[in-house]
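Asks: quick check, what structure comes out for this input:
(one chain, ligands or ions: 1)
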Amino acid sequence: MINFIPFQDHYITFHIREHNLIKDEIIQLIERENGKSVNESSDYIVTKQDYENSFNFEREYVQLLLPVIKNYIQRAFNEYMFLSNCTITNIWYHIYSKNDTYGWHIHDSVNWTGIYYLKLPKHAPKTDIKSLVKKNKVFTPKVKEGDVVLFPAHLHHRSKHLNTDEQKISIVFNLVNK
Ligand SMILES: [Fe+2]
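Replies: A predicted model of the protein is given here:
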C-alpha cells in the first residue's frame, strides 16, 4: 500500500501599497482598452476582458502596473516561496457586472496564478479556491480591494456571480518559475 501524505494548500496574499495612487488611472486605461465580452455558458459570463491580448505587454495599463507589481511578486517568491525567480507570462483584466461569473477552472501550462483586486465592492464575492487534497473543501482567501492573491495555477478556482450593482475589476496574471 502506498501511503500518500497530502501537502497543505498553499496561497499567499499581500496588499499593493500604491493601490490608491494607481487605481483610477488603471481603470481609465482599461476602459479605453479593447476587450471582448464573454457569454459562453451560464458558468462564464464576463462583461469585458482582454485575454486574447494577454501576451502583449505594450498595453498602457500593463506598462503602468507591471513595475509596481513585479517588485512585490519577486519578494514573495524570494522570501516566502524560496524560489529565486519567476516570470509573468501573460496578464489580462476581467470586468464583472451584476450576475457575471466565472465558474471552476484552472490555468494550463503555468506554475502560478495571481489576481489583483483592482475594484472590489464591499460585498462582492472573492475568489474561491478548491482544495487539492480535501474533496469538496473550498477556501476563500480573505482579500480586500488592492490585495493580490497568488496560488498554484493547477488549483481549481472560480468567481461566483457578482451580487452588487457596482462592477468588480480584477487583473489576472500567470507566472512560471524561471
Ligand atoms: Fe482563473
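
Asks: any idea which element residue 68 lies in?
Replies: Per DSSP states H and E: residue 68 is located in helix 60-75.

Asks: same question, residue 45
Replies: strand 44-49.

Asks: my guess is residue 25 contacts residue 65, does it?
Replies: No - using C-beta atoms under 8 Å, residue 25 makes no contact with residue 65, being 9.6 Å away. For every residue, glycine as well, the C-beta is placed using N, CA and C.

Asks: and these two? Which one has more around it.
Replies: residue 65 (24 against 13; other C-beta atoms under 10 Å).

Asks: and that one, how far from residue 39?
Replies: 27 Å (C-beta to C-beta, to the nearest Å).

Asks: check residue 111 too.
Replies: Distance from residue 111 to residue 39, by C-beta to C-beta: 30 Å.

Asks: who has more neighbours out of these two?
Replies: Neighbour count, other C-beta under 10 Å: between residue 111 and residue 39, residue 111 has more, with 17 against 10.

Asks: residue 131 reaches residue 139, doesn't it?
Replies: Yes - assessed by C-beta under 8 Å, residue 131 is found in contact with residue 139 at 6.5 Å.

Asks: would you map the helices across the protein?
Replies: Under the criterion DSSP state H, the chain contains helices at 19-32, 60-75.

Asks: columns distance to residue 173 and mean pLDDT on top of these, output as a markdown table?
Replies: Formatted as a markdown table, the helices of the chain follow (distance: least, C-beta to C-beta, whole Å; pLDDT from 0 to 100):
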| stretch | distance to residue 173 | mean pLDDT |
| --- | --- | --- |
| helix 19-32 | 13 | 97 |
| helix 60-75 | 8 | 94 |
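
Asks: tabulate the ones you listed (JSON lines), appending distance to residue 92.
Replies: Below are the helices of the chain laid out as JSON lines (distance: least, C-beta to C-beta, whole Å):
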{"stretch": "helix 19-32", "distance to residue 92": "10"}
{"stretch": "helix 60-75", "distance to residue 92": "9"}
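
Asks: for residue 118, find the nearest of those helices.
Replies: Closest approach to residue 118 among the helices of the chain is made by helix 19-32 (6.1 Å; C-beta to C-beta).

Asks: now do the buried residues in the closest one.
Replies: For helix 19-32, burial by neighbour count (16 or more other C-beta atoms under 10 Å) applies to 19, 22-23, 26-27, 29-30.

Asks: residues near residue 124, how many?
Replies: 20.

Asks: ok, how many other residues are close to the residue lying closest to it once chain neighbours are set aside?
Replies: With C-beta to C-beta, 6 or more residues apart in numbering as the criterion, residue 124 has its nearest non-adjacent residue at 4.7 Å, and that residue is residue 168. A count of nearby residues for residue 168, using other C-beta under 10 Å, gives 24.
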